[in-house]
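Engineer: All I have is the shape, not the residue letters:
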């Protein structure tokens, strides 16, 4: 059964249809797993499959997904007659009995650079690129390599939907423009193969679980705070270091230490199968 959608804002029927239409295609050949699923948590993929008829999403939450699809369509349509560019091509390869498939966004045949176009928050770029982008592009590069296409470089074209000129002026690492090209490291073939085999084993052979990285686990911190101020004076990995910093302040009585426990942000807020997750359920029971 397909996922259920609600329409709490009472959008008109044509807009509802637009927001719920899924143009994703798995391709014409059989496969065992897509690149998107391969690089993600095996547990989340399995739970989404098992509880697909219980998942409910409101159409208002699909706005940026549709926006991203629109950007991809523009890129594809405007490069149809460009013989130096390959867009939206799907590749397949059998890795030791499991067929992996993935569709590239843009491959520049003149310089052999593989690009992926993403619609993101500008703040996703402040601390560098997401590690999942590196995983995705390197697996796609390996698929191309296995199909006799040479890849010399990788890059993300990040379109920041919420880019703000004032933030760009005030925050040093904030993207300077609404569109940013981010270079991604291209792994050696042996490293790509090791990662792919590791993920295939996790999906098809091992017990399913989520790693701290897949759970978006934040690290435990101790913040030195000043009364009346919202932002921390400084963050520390250890309580002792925070205490030393506090004691060295000119007027330590005006400040205090705030403990910030690490938390799996994806599990608590963003994962749509968290109510079915045995890993999260076990952790909650341990805390009781």
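Structural biologist: Here it is on my side, so go on. Every value quoted in this text rests on a predicted model; they were computed, and no experiment measured them.
Engineer: secondary structure class for the residue nearest to residue 20 when sequence neighbours are not counted?
Structural biologist: Nearest residue to residue 20, sequence neighbours excluded (CB to CB, 6 or more residues apart in numbering): residue 5, at 5.1 Å. From N, CA and C alone the C-beta is placed, and that goes for glycine too. Following DSSP: H, G, I helix; E, B strand; the rest coil, residue 5 is assigned to strand.
Engineer: contacting residues for residue 5?
Structural biologist: 16, 19, 20, 56, 57, 58, 59 (CB atoms under 8 Å, 6 or more residues apart in numbering).
Engineer: Show me the beta-bridge partners of it.
Structural biologist: residue 57 (DSSP bridges).
Engineer: distance of it from residue 52?
Structural biologist: Noted for residue 5: a distance of 13 Å to residue 52, by CB to CB, to the nearest Å.
Engineer: Then residue 263?
Structural biologist: Distance from residue 263 to residue 52, by CB to CB: 27 Å.
Engineer: same deal with residue 95?
Structural biologist: 26 Å.
Engineer: Who has more neighbours out of these two?
Structural biologist: residue 95 (18 against 13; other CB atoms under 10 Å).
Engineer: And the pLDDT at the more buried one?
Structural biologist: pLDDT, residue 95: 97.
Engineer: Quick check: it touching residue 198?
Structural biologist: No - counting by CB atoms under 8 Å, residue 95 does not reach residue 198; the two are 11.2 Å apart.
Engineer: Contacts only, for residue 187.
Structural biologist: If you count contacts by CB under 8 Å, 6+ apart, then residue 187 has 138, 141, 195 around it.
Engineer: tell me which element it falls in.
Structural biologist: Secondary structure assignment for residue 187, by DSSP states H and E: no helix or strand.
Engineer: got it, and the one 10 residues further on?
Structural biologist: Assigned by DSSP H and E, residue 197 falls within helix 189-204.
Engineer: buried stuff in that helix?
Structural biologist: Of the residues in helix 189-204, 192, 193, 195, 196, 199, 200, 202, 203 count as buried by neighbour count, 16 or more other CB atoms under 10 Å.
Engineer: Which parts of the stretch 1-150 of the chain are strands?
Structural biologist: 4-6, 33-34, 56-58, 85-87, 90-95, 98-103, 106-108, 113-120 (DSSP state E, counting those that start in this stretch).
Engineer: who touches the third one?
Structural biologist: The contact list for strand 56-58 (CB under 8 Å, 6+ apart) reads 3, 4, 5, 6, 7, 8, 9, 272.
Engineer: so who does the residue nearest to residue 204 when sequence neighbours are not counted touch?
Structural biologist: Of all residues not flanking residue 204 in the chain, residue 98 sits nearest, at 6.4 Å (CB to CB, 6+ apart). Residue 98 is in contact with 32, 33, 200, 204, counting by CB under 8 Å, 6+ apart.
Engineer: Please state the offset of stretch 62-71 from the chain centre?
Structural biologist: 15 Å (CA atoms, centre = their mean, to the nearest Å).
Engineer: okay, residue 169: pLDDT?
Structural biologist: Residue 169 is given a pLDDT of 93.
Engineer: How about the contacts made by it?
Structural biologist: Residue 169 neighbours (CB under 8 Å, 6+ apart): none.
Engineer: mind checking how far it is from residue 176?
Structural biologist: 9 Å.
Engineer: Next: residue 192.
Structural biologist: Residue 192 is 32 Å from residue 176, by CB to CB.
Engineer: who touches the residue nearest the centre of the chain in this structure?
Structural biologist: Nearest to the centroid of the C-alpha atoms of the chain, with distances taken as CA atoms, centre = their mean, sits residue 132, at 5.4 Å. Going by CB under 8 Å, 6+ apart, residue 132 touches 39, 40.
Engineer: same deal with residue 30?
Structural biologist: Residue 30 sits next to residue 99 when contact means CB under 8 Å, 6+ apart.
Engineer: From residue 99, how far out is it?
Structural biologist: 7 Å.
Engineer: can you check residue 155 too?
Structural biologist: Applying CB to CB to residue 155 and residue 99 gives a distance of 27 Å.
Engineer: So these two - more neighbours on which side?
Structural biologist: A count of neighbours by other CB under 10 Å puts residue 155 above the other of residue 155 and residue 99, at 20 against 13.
Engineer: quick one: which of the strands of the stretch 1-150 of the chain is nearest residue 209?
Structural biologist: Among those, the nearest to residue 209 by CB to CB is strand 33-34 (17.3 Å).
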